[in-house]
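S.K.: Predicted model, plus sequence, below.
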Amino acid sequence: MGLKIIVLAKQVPDTRNVGKDAMKADGTVNRAALPAIFNPEDLNALEQALRLKDIHKGSTVTLLTMGPGRAADIIREGLYRGADNGFLLTDRAFAGSDTLATSYALSCAIRKIKDYDLIIAGRQAIDGDTAQVGPQVAEKLGLPQITYAEDILSADKKKIVVKRRLERGVETVEAPFPCVITVNGSAASCRPRAAKLIMKYKHARTISERQNQSEDYIDLTADRPYLNIQEWSVNDIETDHQWLGLTGSPTKVKTIENVVFQAKESKVLSGTDAEIEELIKELIVNHTIG
Amino acid sequence: MANFFTDNPDLLFHLKHPLMKKIVALKERDFADKDKFDYAPMDFEDAMDSYEKVLEIVGEICGDIVAPNAEGVDAEGPKIVNNEVIYAKGTQENLDALVKAGLMGITLPRKYDGLNFPIVPYIMAADIVSRADAGFVNIWGLQDCAETINEFANEDQKARFLPRISNGETAAMDLTEPDAGSDLQAVQLKATFDEKKGKWFLNGVKRFITNGDGHVSLVLARSEAGTSDGRGLSMFIYDRNHKAVTIRRIENKMGIKGSPTCELVFKDAPAELVGDRKMGLIKYVMALMNGARLGIGAQSVGLCEAAYREAVNYANERKQFGKSIIDFPAVYEMIARMKAKLDAARTLLYETSRFVDVYKTYMHISEERALTKEERTEMKYYQKLADFFTPLLKGMSSEYSNQLAYDSLQIHGGSGFMKDYPIERIYRDARITTIYEGTTQLQVVAAIRGVTTGGYLERIREYEAMPLKPELHGYRRILIGMTEEYEKAVHTVVEKKDNEFIDFHARRLVEMAGNIIMGYLLVLDTEQEDRFRTSADIFIKMGRSENRGKAEYITNSTLDDLGFFKPVN
């Protein structure tokens, strides 16, 4: 049983090394000032996909990423670890997307890819920590979703069984195909890049990269089509422009501040209406919200 | 998120040596594989880029997995369960990561699933792994055995065994026995040919076998009944799947504790002859040992790197009398000398690796087609250099690794004596390097031929003739002076025409040659990149005073000395 798996991955600024110029005036992240890395939990997601591929012969793992031209690195990193191919969604029209616009663009690209059984993504990206994109993609595609996945226990023709890591324990759930799974950082870490795959795929380039000769003097895509990283612009996928980029993004970042948590104790609520009302009042009074 | 390759620019420097152009062209047979394998390089630059990218993986695995595991591995060690060696948890993790990354058959041809890398990048990987955990390199580095199988086994054996190693199985070389250590001619493990079954069977005991439970073992055994010397020994492959060997025990060692050192009992163990009968010790073990000695050179250099880094870190952090201890002359001099020795050992390591690369590759090519006259001459030239440099490298770098570990521990003061810092493990791990694969004393026995035949001197003259920037001429003048002094010392010893007298002074003479050679190599490195200048300067000053002392000793030595030193029975 071969599975067709799409892994959503994001190139993120390495926020472990944040400097003064990490933010731009418009409140978005200044990606140029930070080293770009494969979002850590997306690597956990990739590993889960590769494990399925190891077990179920004939499976394919396709990476999908949205970002600037250099995000093609993410596709290559995935190929070096065992992914089969990848798509880079890149266009000025996507610039400034928040989670809503991102998940919209990704879901449009996934519709175009069309043939898939499973979408796996990292729980969240370290540059935003929202954990929204995976679930939003599922909603937009009308698919069931399993969040906080730690381990894919089994998969057969009909369903997938997943262990979820929750705040106070684990839960085993199942979902029918196709579905979306978001993976926690507590899942198995990703396998290393493999020597032979690095040598096989190191000349893989997008068309834009190939047009820029200085990137790599060796172009083998004519004989080796697998070295072509598919690049999609806004015109390659079917979208409604009003939901894209900054215009499609209701989230506006004003500033980012370093917050030091001072409260030492925590509070656990059972979630009754009365408790929630009480909490809202308390937060308004101490100016946490409002 | 450490990377032991990219955080050390010296490695890339040595990888990019000009001779690599020749080495890569030979190894890749002018890039003949490029349309046959999707991971074969297109040209020289492509190949070099691949080496670099693959070494980056090695560096990452070592920085993120192997080094952090080293302490746990040292504490836990391997154990025997149901006659099988179970590695420490960390060892298994290290191995799994390197296997997944496809780093097990680095030098093997692609048709056996290898990466077809030259020796230089392989040795560089060993250098990196050793810095992370010198004990672990013993397991991983036994892929050397595959190189021996590739050299001497028949096509059928290669096709059966080599891909297994490329794909992650480990190996072992079973040479030592309770009564055959340095003197391998005394090996007694019996190989008998069963005419009915048409098979060889092994019976006997092997001791001190690193990774003795490896999947594929090369075993030295006595195939010629009634013989008692090296000419009665042959080489065999034993496959663990036969389950005919008992692991009697794992030694409790002082260092490299993660590496299982086994005592093995062979009982009617089926085995396959490698190559020709009676050539086991004379030809195959010599090749195996030369490869292994180069490996110990890499292990020693990795240990030097680790010891040096621990010293620098601690000396910067540790404050006494209101300042970092690295600011005191007594400490910074030690550290600068450590760095000089580290750089010297490393440049000798890669020089030697390049010699081995050229001649071994020619040797493999000679099996495919007849070499031209020029090629044959070149092969012989590099083989001679490799033969002279390998024992010199093994002897000197292993002694340095111990000196550096000693000095680094000293810089740590009382803390270094505690188990709290990695240096005490590094100190214990380094101790074996001057002993196994031939003690330093035996390396001297091999290297002294380079002294008496003029082999080292010839190479020194070649270094002397290499172009240098004017500001480095001063170093050359010093080295020329040291060379004259060396020649005189050699003459003084040789003219006595007494072999015991030569043996008596052999180590002094070999080390004198070593100091000159490493001095030149450091100056030549400085010619390329100025940052080696400090090490070149310090090393040459150190070497000059050391050599003067040795020369003085030799000048004042007579045959009577032998009488004074000799034990009285």
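M.R.: Good, I have the coordinates.
S.K.: ok, the residue in chain A positioned nearest to chain B - contacts?
M.R.: At 3.6 Å from chain B, A:Met199 is the closest residue in chain A, using Cβ to the nearest Cβ. All C-beta spots, glycine's among them, are computed from the backbone N, C-alpha and C. Residues in contact with A:Met199 (Cβ atoms under 8 Å, 6 or more residues apart in numbering or on different chains) are B:Asp38, B:Tyr39, B:Ala40, B:Pro41, B:Ser50, B:Lys53, B:Val54, B:Leu115.
S.K.: Tell me the most packed of the residues you listed, by neighbour count.
M.R.: When neighbours are taken as other Cβ atoms under 10 Å in any protein chain shown, the top entry among these is B:Val54 (26 neighbours).
S.K.: pLDDT at the closest residue to that one other than its chain neighbours, what is it?
M.R.: Nearest non-adjacent residue to B:Val54, counting by Cβ to Cβ, 6 or more residues apart in numbering or on different chains: A:Ala195, 4.7 Å away. For A:Ala195, the pLDDT comes out at 98.
S.K.: Enumerate every residue touching A:Ala195.
M.R.: B:Tyr39, B:Val54, B:Ile57, B:Ala101, B:Gly102, B:Leu103, B:Leu115.
S.K.: you'd agree the first one is up against A:His203?
M.R.: Pointing back at B:Tyr39 there. No - between B:Tyr39 and A:His203 there is no contact under Cβ atoms under 8 Å: 10.8 Å.
S.K.: shaky segments in the stretch 151-290 of chain A?
M.R.: Applying pLDDT under 70 to the stretch 151-290 of chain A flags residues A:213-216, A:256, A:258, A:290.
S.K.: Up against chain B, what does it have?
M.R.: Counting by Cβ under 8 Å from any Cβ of the partner chain, the positions of the stretch 151-290 of chain A adjacent to chain B are A:191-200, A:202, A:218, A:220, A:224.
S.K.: out of the residues you listed, which are buried?
M.R.: Buried by 16 or more other Cβ atoms under 10 Å in any protein chain shown: A:Arg191, A:Pro192, A:Arg193, A:Ala194, A:Ala195, A:Lys196, A:Leu197, A:Ile198, A:Met199, A:Lys200, A:Lys202, A:Leu220, out of those.
S.K.: out of those residues, who's nearest A:Asp127?
M.R.: Nearest to A:Asp127 among those: A:Arg193, at 22.7 Å, using Cβ to Cβ.
S.K.: how about the residue in chain B that chain A sits nearest to, secondary structure?
M.R.: Using Cβ to the nearest Cβ, B:Tyr39 is the residue of chain B that sits closest to chain A, at 3.6 Å. When classified by DSSP: H, G, I helix; E, B strand; the rest coil, B:Tyr39 comes out as coil.
S.K.: for it, what are its contacts?
M.R.: Shown in contact with B:Tyr39 (Cβ under 8 Å, 6+ apart): A:Ala195, A:Lys196, A:Leu197, A:Met199, A:Lys200, B:Ser50, B:Arg110, B:Leu115.
S.K.: Show the end-to-end separation of stretch B:126-145, please.
M.R.: End-to-end span of stretch B:126-145 (Cα to Cα, to the nearest Å): 14 Å.
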